[in-house]
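J.: The following block contains a protein sequence and its predicted model.
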Amino acid sequence: MTRVQLTDDEWEFIGPYLPIGEYGPYPERLRQQFEGVIWRFKTGGQWREMPQEFGAWSTVHNRFRQWRDAGVFEALLEGLIAEAAKRGEVDLSLVSVDSTTARAHHDAAGMHLGEDVLGALEKAATEAEKARFKRGSLEEQDGQDVEIDAGREERRRIRRRRKLRLKAALLGRSRGGQTSKVHLTADRKCRPLALLLTAGQAADSPQFIPVLKKVRVRGPVGRPRTRPDAVAGDKAYSSRGNRAYLRKRRIKAVIPEKKDQTANRKKKGSRGGRPVSHDTELYKERNTVERAINRMKAWRGIATRYDKTP
C-alpha cells in the first residue's frame, strides 16, 4: 500500500480546479488519479510501474495530459498564491530570481512532431539560414554557380531537423548531455511565484524580464499585483537592460555588478555613468529562491526530466 498523498483539506481546495466533462457521470476515482500524478513526479518512477491503488497507469497518464493541456497546474499554482495572499502570507517586499538545471534522462529524447509542424519549422529555419549567406559563399563564387553535394545537403537537413526537435522540446545539448533549465522567482517565504522553462544552454540574463512579467498575485480585491518592491539576483543578471527595466517600473534592484562591467565603466570615466550599488543586507536574503529550488528538487520527477514534452 502507498501512503495517501493529499489530506482532505488539500483535496477540497484542488478538486474545483480539475475540469469535468459537461455530460456523463462524475469520475469516481478522480482523487486517486490526481494522487497518482503526485506519486509519479515525487518518486520519478515510470508510468507503467504505478501502483494499482491509483488505478490503471494509462488512465492516470491520460488524465495528466488532459490537465496539462487545459492549464490546470498553472491555474492551481496561481490559485494557491491567491489563497496565501488572502491570508497575508505573500511577501512581495523582496522577490529573488534564479535558475536551476534539470538533467534530462535519455527517455526524454525523441519528442514527436507532426510532419506539417516540422516542415513549417524547417522552412522557416532554411529561409533564416539563406538570409545569413553572404555574397560569394556557396551559391556564387567568381560568378560561377557551385553545385552543392546532394549527400551533404541531406546531412544538413537531418541535423537541422534534429535541432528543431530539441528546440521544440526545450532541450539543450552540452558536454553533460541534454538538459533543461527552470527560471523562477520566489518571495521571502520561499514560495515560487513564476516559472519559466528553457533549453539548458540558455543564459540567465535574457530570461530575467520574461520571468518577472509572469509574477501575478491576486488579492481579495482589486487588480492582481505584478510589481514587487525589490528584486534580488546574482551577478548573472547584472545588465543595463535589466536595470533599466527595474528603474522604469520603480523597483529597487538588489543585484551586484560584475567586475568587468565595473572596470569598463571606470575606463570610460565620466561617460561611464554612476557607480552601481546594491543593498548588501537585502542581498543576504537572496537565498530564499535557492531554498525554493531545493524544495522543488525534493521531487525526483522535477529534479530529473523524464518527459519528452516540455
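T.: Now that the structure is in, tell me what you want to look at.

J.: For burial, what's the neighbour tally of residue 33?
T.: Using other C-beta atoms under 10 Å, residue 33 is surrounded by 21 other residues. (Glycine included, C-beta is placed from N, CA and C.)

J.: now swap in the one 5 residues further on and tell me
T.: The number of residues packed around residue 38, counting by other C-beta under 10 Å, is 14.

J.: Where does it fall, secondary structure wise?
T.: Assigned by DSSP states H and E, residue 38 belongs to helix 30-43.

J.: Buried residues in the next helix or strand after that helix, which are they?
T.: Moving toward the C-terminus from helix 30-43, the next helix or strand (DSSP H and E) is helix 57-69. Within helix 57-69, the residues scored as buried using 16 or more other C-beta atoms under 10 Å are 57, 59, 60, 61, 63, 64, 67.

J.: before we move on, the earlier item: would you mind getting the angle between the helix holding residue 38 and helix 57-69?
T.: 90 degrees (axes from the mean of the first three to the mean of the last three C-alpha atoms, to 10 degrees).

J.: Show me what helix 30-43 is packed against.
T.: helix 8-14, helix 57-69, helix 300-303 (3 or more C-beta pairs under 8 Å, 6 or more residues apart in numbering; DSSP states H and E).

J.: Could you list the buried residues of the first one?
T.: Buried residues in helix 8-14, counted by 16+ other C-beta under 10 Å: residue 14.

J.: who touches that helix?
T.: 6, 31, 34, 76, 79, 80, 83 (C-beta atoms under 8 Å, 6 or more residues apart in numbering).

J.: For residue 195, find the nearest of the helices and strands packed on helix 30-43.
T.: When the helices and strands packed on helix 30-43 are compared by C-beta to C-beta, helix 300-303 sits nearest residue 195, at 10.4 Å.

J.: For that closest one, give the mean pLDDT please.
T.: Averaged over helix 300-303, pLDDT sits at 93.

J.: Show residues contacting that helix.
T.: 40, 41, 42, 43, 44, 102, 103, 296, 297.

J.: In PyMOL, select just the buried ones from these.
T.: The PyMOL selection below is limited to those of the contacts of helix 300-303 classed as buried (16+ other C-beta under 10 Å):
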select buried, resi 40+41+44+102+296
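
J.: just for the stretch 1-150 of the chain, where's the confidence low?
T.: Applying pLDDT under 70 to the stretch 1-150 of the chain flags the ranges 1, 22-25, 117-118, 121, 125, 127-130, 132-148.

J.: want to try JSON lines for the contacts of helix 300-303, with distance to residue 11 as columns?
T.: Formatted as JSON lines, the contacts of helix 300-303 follow (distance: C-beta to C-beta, whole Å):
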{"residue": "40", "distance to residue 11": "17"}
{"residue": "41", "distance to residue 11": "17"}
{"residue": "42", "distance to residue 11": "16"}
{"residue": "43", "distance to residue 11": "20"}
{"residue": "44", "distance to residue 11": "23"}
{"residue": "102", "distance to residue 11": "28"}
{"residue": "103", "distance to residue 11": "32"}
{"residue": "296", "distance to residue 11": "22"}
{"residue": "297", "distance to residue 11": "25"}
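
J.: count of residues packed around the closest residue to residue 64 other than its chain neighbours?
T.: Excluding its sequence neighbours, the residue lying closest to residue 64 (C-beta to C-beta, 6 or more residues apart in numbering) is residue 37, at 4.9 Å. Residues near residue 37, counting by other C-beta under 10 Å, number 21.

J.: Next one: residue 37 from residue 150, what distance?
T.: In this view, residue 37 and residue 150 are 48 Å apart by C-beta to C-beta, to the nearest Å.

J.: three-state assignment of residue 98?
T.: The assignment at residue 98 comes out as strand when based on DSSP: H, G, I helix; E, B strand; the rest coil.

J.: What is the neighbour count of the nearest residue to it once chain neighbours are set aside?
T.: Closest residue to residue 98 apart from its sequence neighbours, by C-beta to C-beta, 6+ apart: residue 289 at 4.4 Å. Using other C-beta under 10 Å, the number of residues around residue 289 comes to 25.

J.: Quick check: which element contains residue 289?
T.: Counting by DSSP H and E, residue 289 is found in helix 287-296.

J.: next one: residue 83
T.: helix 72-86.

J.: Going by neighbour count, which residues of that helix are buried?
T.: 72, 76, 77, 78, 81, 82, 84, 85.

J.: Distance to residue 114 added to those, as TSV?
T.: Listed next are those as TSV, based on distance: C-beta to C-beta, whole Å:
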residue	distance to residue 114
72	24
76	29
77	29
78	30
81	35
82	37
84	40
85	41
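
J.: Can you tell me which of the residues you listed is nearest residue 154?
T.: When the buried residues of helix 72-86 are compared against residue 154 (criterion: C-beta to C-beta), the nearest one is residue 72, at 42.7 Å.
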